[in-house]
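A.B. asks: Dropping the sequence and predicted coords here.
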Amino acid sequence: MINARMQRVANWVTVSLLWMFTQTALAVPATAAHRDIDEFASRFITSFENLDLPGFMACFADDATVFFPVPEPPDLFVGKVAIEQQFRRVFERIRASATSGPPYHRLVPENTHVQVLSPVSAVMTFQLRNAERVARRTLVLKKSRGQWLIAQLHASNVPIAP
């Protein structure tokens, strides 16, 4: 009876140690992942500031999904082709109202928060602020072939009360 109990405890300890080892072996140091994600976010924001559609779209996974903020359509855009078509319209409107060339506008992320969920998945949230609104953004990121890509972008705008 004692031997069977001791065997169960030994099995439990062994399984627990193996699990902890695999989690540690698979883990990416948070600082390295955060640095990579920060570099990715910088490329993403710079592409948007410059209205560089090819560079901007390179930040999205082929199967990405996007919820655009108001005043854009409230639909879910699925896949890179649909997302690019909608962003093309957004970029054209921004370019038409711009008074100069690149960068067409300045975006300064605030309250940036990154949650590394696994070596290949993370969530990044931030806000962009101007005189009229707070633009809230959530990016669900996945790592594919060594690079971070947007799997889902959710955007919402909150008007600033006068």
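C.D. replies: Cool, the structure landed.
A.B. asks: which residue is nearest the middle of this protein?
C.D. replies: In the chain, the residue lying closest to the centroid (Cα atoms, centre = their mean) is residue 139, at 2.8 Å.
A.B. asks: Any regions of the protein where pLDDT drops low?
C.D. replies: Within the chain, the ranges that satisfy pLDDT under 70 run 1-30.
A.B. asks: can you give me the strands in it?
C.D. replies: For the chain, the strands defined by DSSP state E cover 60-67, 76-78, 110-118, 121-129, 133-144, 147-159.
A.B. asks: closest one to residue 104 among these?
C.D. replies: strand 121-129 (14.2 Å; Cβ to Cβ). (Glycine included, C-beta is placed from N, CA and C.)
A.B. asks: closest one to residue 84 among the strands of the chain?
C.D. replies: So among the strands of the chain, strand 60-67 is nearest, using Cβ to Cβ, at 8.2 Å.
A.B. asks: show me what contacts residue 64?
C.D. replies: 79, 80, 83, 149, 150, 151, 152, 153 (Cβ atoms under 8 Å, 6 or more residues apart in numbering).
A.B. asks: re earlier: which one of the strands of the chain lies closest to residue 98?
C.D. replies: Nearest to residue 98, of the strands of the chain and by Cβ to Cβ, is strand 121-129 at 16.9 Å.
A.B. asks: which residues does residue 129 contact?
C.D. replies: Per Cβ under 8 Å, 6+ apart, neighbours of residue 129: 108, 110, 135, 160.
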